[in-house]
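Sequence first, then the predicted structure:
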Amino acid sequence: MKHPFQIIVADTTGRYLFTTVKNILLVIDLTSGKLVGQWKDELDNSDFLKKKYEEKFDEKNGPKRQKTESGQAKVPKIPTPGPGAPPIYNYIRALRLSSDEKYLFATTDSDKAVVIFNIDHTKDNCLELKKRQPFAKRPCALSVDEDRLVVADKFGDVYSIAIEDEQVVNEKELTPILGHVSMLSDVAIVSHGEKKFIITGDRDEHIRISNYPKSFVIKNFLFGHHEFVSCLHVPTFDSSLLISGGGDDYLCLWRWYEGQLLAKIELRELIAPFLTESHLPPERFLTETSPKEISVARISTFSNKKTGTNILVVLCEQTKAVLVFEIGLQLLVRHVQTISYEDNVLDMCYIEAKNTLLSTHDSDKNQLFQQQKFDQETNNFAPSAESMDAVAELNPIDVNSRNDFLPLYYINTLRKRSEH
């Protein structure tokens, strides 16, 4: 069986699909069904840990290094994980295209880095590694501002690095442009008039609007969530709107600049038939009244050019469904369809040029991709007759069982638990 594709991103033409499997990046030409780009993160995690430990040792001991009886300096012993230690996974956690689609950005867990690729479709391998920039803490979310890449990390800091600059900066010399006291989960660069702002969401249900690039100036906070925020989505059809979601039973629709909550879009009743025992809290926190927990994994929007309405598509983690809503002209939101699948949906992207919703799945039967065609007359999706089996076969990772899968569902781990 094949390991699932974890992340999918398509270019605006709908021809090229960028996707990840474990620690491998693939670029697939959907027109020809051929693999046109590939990159594997072959960095040895043990080498990275050794380097970090040696740097720490040097800082601590400096010129006072102890010497052996022979007069040679002692070599620091590198600690290795013992029995029962949690496994260290090496995979790509985030993926994003630049606005002009000339660059691809990804985050690597192996060395807490962001990798930047040039995209050149005239070459046999369209991915050319341009830069690998390490950070002090693990990057978790990316956004793009013209010639700069904005990177949020797990410890609440946000950095801005030049895309064109190939020089790698020492991670200790990188200065955050803003910080939260909580773990960051998503980041977005937005504009209002001629001014730019940065929107950040965190584990502590906070959404902050800050000036950009002078991000020490906070414009406002958006209060409406009670659980973690995992997704921040600014629709292309109206950049004054923000749709946010996370661990609550609802999404929030905002006028972000004004700090105005326009609506709460309820999810629980719609997604409840697709929640399973796996959505219950961990056993140590489980009670008789514990509800099954919702975690928003992906939010996407697009416009129906024929009807003038806008469509919102929502994926909740570890479910076999995608929820579809219509956003009316008066910003009234109504549920129009629930798309159900045979297997859990891992990720999705809407390809507007093809009116197609592409999804990747956690499947034992190698049905790794599914397509749904959008009917502009009815505002509904229907299964596409076009097979994706040939594309799925380009997956290079064969596994013996599900035990060989990397963690596929981790968003709900953002949820805070009370010990009392």
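On my side now, so go ahead.

Beyond the worst-scoring helix or strand of the chain on mean pLDDT, next helix or strand please.
Sorted by mean pLDDT, DSSP states H and E, the helices and strands of the chain end with helix 45-61, the least confident at a mean of 53. With elements assigned by DSSP states H and E, the helix or strand that comes after helix 45-61 is strand 92-97.

what about that following strand, distance to the chain center?
Computed by CA atoms, centre = their mean, to the nearest Å, the chain-centroid distance of strand 92-97 equals 6 Å.

Quickly list what residue 380 is bridged to.
With DSSP bridges applied, residue 380 shows beta-bridge pairing to residue 375.

OK, contacts around it?
With contact set as CB atoms under 8 Å, 6 or more residues apart in numbering, residue 380 has these partners: 324, 336, 337, 374. For the C-beta atoms, the positions are set from N, CA and C on the backbone; glycine is no exception.

so which two of those residues are the farthest from each other?
Within the contacts of residue 380, 336 and 374 form the most distant pair, 11.2 Å apart (CB to CB).

which of those two has more neighbours?
residue 374 (22 against 16; other CB atoms under 10 Å).

What's the separation between the more buried one and residue 354?
According to CB to CB, to the nearest Å, residue 374 and residue 354 sit 9 Å apart.

returning to what we had before: can you tell me which of the contacts of residue 380 are in strands?
Counting by DSSP state E, the contacts of residue 380 place 324, 336, 337, 374 in strands.

Tell me the one among those residues nearest to residue 297.
Out of the ones in strands among the contacts of residue 380, the member with the shortest distance to residue 297 (by CB to CB) is residue 324, at 15.2 Å.

beta partners of that closest one?
Using DSSP bridges, the bridge partners assigned to residue 324 are residue 313, residue 337.

Next up, identify which helix or strand residue 43 is on.
Using DSSP H and E, no helix or strand contains residue 43.

count of neighbours near it?
So residue 43, with other CB under 10 Å, has 17 neighbours.

Let the chain start at 191 from now.
Shifting the count to begin at 191 puts that one at residue 233.

what sits against residue 472?
So residue 472 contacts residue 607 (CB under 8 Å, 6+ apart).

mind checking how far the closest residue to residue 302 other than its chain neighbours is from residue 209?
Excluding the flanking residues, the one nearest residue 302 by CB to CB, 6 or more residues apart in numbering is residue 328, at 4.6 Å. As defined by CB to CB, residue 328 lies at a distance of 21 Å from residue 209.

Between those two, which is the more surrounded one?
Per other CB under 10 Å, whichever of residue 328 and residue 209 has more neighbours is residue 209, with 26 against 15.

Next, report how far the helix or strand that contains residue 580 is displaced from the centre of its chain.
Element membership of residue 580 [criterion: DSSP H and E] is helix 579-582. Centroid separation for helix 579-582 versus its chain: 23 Å, with CA atoms, centre = their mean.

Can I get that helix in PDB? Just the C-alpha atoms.
Taking C-alpha atoms only, helix 579-582 is exported to PDB below (Å, rounded to 0.1, in the frame of the first residue of the first chain):
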ATOM      1  CA  ASP A 579      -5.200   6.500 -10.200                       C
ATOM      2  CA  ALA A 580      -2.300   7.200 -12.600                       C
ATOM      3  CA  VAL A 581      -1.300  10.300 -10.500                       C
ATOM      4  CA  ALA A 582      -1.600   8.400  -7.300                       C
END
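
and it, what does it pack onto?
With contacts defined as 3 or more CB pairs under 8 Å, 6 or more residues apart in numbering; DSSP states H and E, helix 579-582 has no helix or strand neighbours.

which parts of it are buried?
Of the residues in helix 579-582, 581, 582 count as buried by neighbour count, 16 or more other CB atoms under 10 Å.
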